[in-house]
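Peer 1: need a 3D model of the sequence below.
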Amino acid sequence: LALRASPAPHGKAFSTSAGCRTTFNVQDGSDFQDRVVNNPKPIVVDFHAQWCGPCKILGPRLEKMVAKQEGKVLMAKVDIDDHTDLAIEYEVSAVPTVLAMKNGDVVDKFVGIKDEDQLEAFLKKLIGA
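Peer 2: Predicted coordinates for the structure are as follows:
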C-alpha cells in the first residue's frame, strides 16, 4: 500500500438523484464511526485513492449499483491518503478494497475490480435479498 501525503482536500462532485444520497465521503474517524459503524443500514465501504486507476472504474460502477438498491444499502467512500488510520484499522493493503459492513462488523470484502453482475451479487448478499 503506497501511502503518500495528499494535496489539499479535493472537491469531487457526485451526481446523485436529488434527495436520495446513497453515497457519501467519509470526513474523519468520528464521521466514519457515526455514519458507518453506528448505522443500522448495511454499508459498502469503498477504500480508494486518487492515483489508483482501477478505483476510477470501480467507484462509479459501484455507486450506480448501490443507487439501484433504492436506499437498502449505503456507500461510504474512504480516500486512503486522507484516512490512513482507517485503512490500517481495516487492514486495507491494496486499493480498491471494498468492505461490506452490517451493524459495525465487516461481513464481506473484495479487492480489485468486479463487473456489474459480481457487484450486484455482493450487494444482494449484504442486503439479504
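Peer 1: how about the nearest residue to the most centrally placed residue in the chain, chain neighbours excluded?
Peer 2: Nearest to the geometric centre of the chain sits Asp46, at 2.2 Å (C-alpha atoms, centre = their mean). Spatial nearest neighbour of Asp46, excluding adjacent residues (C-beta to C-beta, 6 or more residues apart in numbering): Lys77 at 4.9 Å. Placement of C-beta: from N, CA and C, glycine included.
Peer 1: sec struct for the one you found, please.
Peer 2: Following DSSP: H, G, I helix; E, B strand; the rest coil, we place Lys77 in the strand state.
Peer 1: same question for the one 10 residues further on.
Peer 2: Taken by three-state DSSP, the conformation at Ala87 corresponds to helix.
Peer 1: run a quick neighbour tally on it.
Peer 2: 21 (other C-beta atoms under 10 Å).
Peer 1: gap between the residue nearest to it when sequence neighbours are not counted and Pro40?
Peer 2: Using C-beta to C-beta, 6+ apart and skipping the chain neighbours, the partner closest in space to Ala87 is Ile80 (4.2 Å). From Ile80 over to Pro40 the distance is 26 Å, taken as C-beta to C-beta, to the nearest Å.
Peer 1: okay, those two: which has more neighbours?
Peer 2: Taking other C-beta under 10 Å, Ile80 and Pro40 do not tie; Ile80 has more neighbours (27 against 8).
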